[in-house]
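*Asks:* Provide a 3D model corresponding to the input given below.
(chains A and B)
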Amino acid sequence: SAVISQKPSRDICQRGTSLTIQCQVDSQVTMMFWYRQQPGQSLTLIATANQGSEATYESGFVIDKFPISRPNLTFSTLTVSNMSPEDSSIYLCSVGDHRAGEQYFGPGTRLTVT
Amino acid sequence: AQSVTQLDSHVSVSEGTPVLLRCNYSSSYSPSLFWYVQHPNKGLQLLLKYTSAATLVKGINGFEAEFKKSETSFHLTKPSAHMSDAAEYFCVVTWAPPGGGNKLTFGTGTQLKVEL
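*Replies:* Model prediction:
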């Protein structure tokens, strides 16, 4: 398994601003994933981030709103841009084990937009 | 397409009684299935996984799940609930898109409440 940390753990932001969330893994991984968990709901995949290439976004998510960086094999960032109250969610990063298929999750970043 | 349906959004049990959290899946391929648990204000933790080996899978904290292909089910059970089991549980199916890697599809979750 992998140990994953995220910064910040929580934040309260004003609408129209942007927040960058960092995800750090204790080992080198090929694929990292970003999820959103809206209040009281399940997890939805935002995008998959491979090192050295553009992130792949799921339907309903666009790069202008959620730009992602993946500068190396242990680190990624997700930016939530031009925030609105509807962006209030928990944002989680995860890494995958190709052999077994499961993913390991960071503790999440709880974002509140006012 | 891959999907999972968690049949109960809330389950309430008394401490010491059995737990049953139900999950049905739909998959075009032989699926890999997981149960994750999310305690309040904490991250997701993998409870157990099925990856086409034994159909009865044992996980952490006394939980187990049985893969039944004929019923397309992967229900989570525990013989005796403990107060610390109170959490949100997610049934998850994994699949491999054409571009490679593995993607997870989450169920809507079941909130388990354990009462004294």
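
*Asks:* host element of the residue positioned nearest the centre of chain B?
*Replies:* What sits nearest the mean C-alpha location of chain B, by C-alpha atoms, centre = their mean, is residue B:35, with 3.0 Å. Assigned by DSSP states H and E, residue B:35 belongs to strand B:32-38.

*Asks:* and after that strand, which helix or strand comes next?
*Replies:* Assigned by DSSP H and E, the successor of strand B:32-38 is strand B:44-50.

*Asks:* mean confidence (pLDDT) on the longest strand belonging to chain B, please.
*Replies:* In chain B, assigned by DSSP state E, the strand with the most residues is strand B:87-95. On average, the pLDDT along strand B:87-95 is 91.

*Asks:* shaky segments in chain A?
*Replies:* Applying pLDDT under 70 to chain A flags residues A:98-100.

*Asks:* where exactly do the strands run in it?
*Replies:* Going by DSSP E, chain A shows strands at A:4-7, A:10-13, A:19-25, A:31-37, A:43-50, A:56-57, A:68-72, A:75-80, A:89-96, A:103-105, A:109-113.

*Asks:* can you list those in CSV and add mean neighbour count?
*Replies:* No exception for glycine: its C-beta is placed from N, CA and C like everyone else's. CSV is the format used below for the strands of chain A (neighbours: other C-beta atoms under 10 Å in any protein chain shown):
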stretch, mean neighbour count
strand A:4-7, 17
strand A:10-13, 13
strand A:19-25, 19
strand A:31-37, 23
strand A:43-50, 21
strand A:56-57, 18
strand A:68-72, 15
strand A:75-80, 21
strand A:89-96, 24
strand A:103-105, 23
strand A:109-113, 18
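
*Asks:* now tabulate the ones you listed in a markdown table and tack on distance to chain B.
*Replies:* Listed next are those as a markdown table, based on distance: least, C-beta to the nearest C-beta, whole Å:
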| stretch | distance to chain B |
| --- | --- |
| strand A:4-7 | 8 |
| strand A:10-13 | 9 |
| strand A:19-25 | 12 |
| strand A:31-37 | 5 |
| strand A:43-50 | 5 |
| strand A:56-57 | 7 |
| strand A:68-72 | 13 |
| strand A:75-80 | 14 |
| strand A:89-96 | 5 |
| strand A:103-105 | 4 |
| strand A:109-113 | 8 |
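
*Asks:* for chain B, what lies in contact range of chain A?
*Replies:* B:32, B:34, B:36, B:42-46, B:49, B:51, B:90, B:94, B:99, B:101-104, B:106-109 (C-beta under 8 Å from any C-beta of the partner chain).

*Asks:* redo that, cut-off 10 Å
*Replies:* B:4, B:6, B:9, B:31-34, B:36, B:38, B:41-46, B:48-51, B:88, B:90-97, B:99-109, B:111 (C-beta under 10 Å from any C-beta of the partner chain).

*Asks:* bridging residues for residue A:22?
*Replies:* Judged by DSSP bridges, the bridge partners of residue A:22 are residue A:7, residue A:77.

*Asks:* pretty sure it contacts residue A:5?
*Replies:* Yes: the criterion here is C-beta atoms under 10 Å, and residue A:22 meets it with residue A:5 at 8.3 Å.

*Asks:* ok, the residue nearest to the centre of chain B to residue A:33 distance?
*Replies:* From residue B:35 across to residue A:33, the span is 18 Å (C-beta to C-beta, to the nearest Å).

*Asks:* so residue B:8: helix, strand or coil?
*Replies:* coil (DSSP: H, G, I helix; E, B strand; the rest coil).
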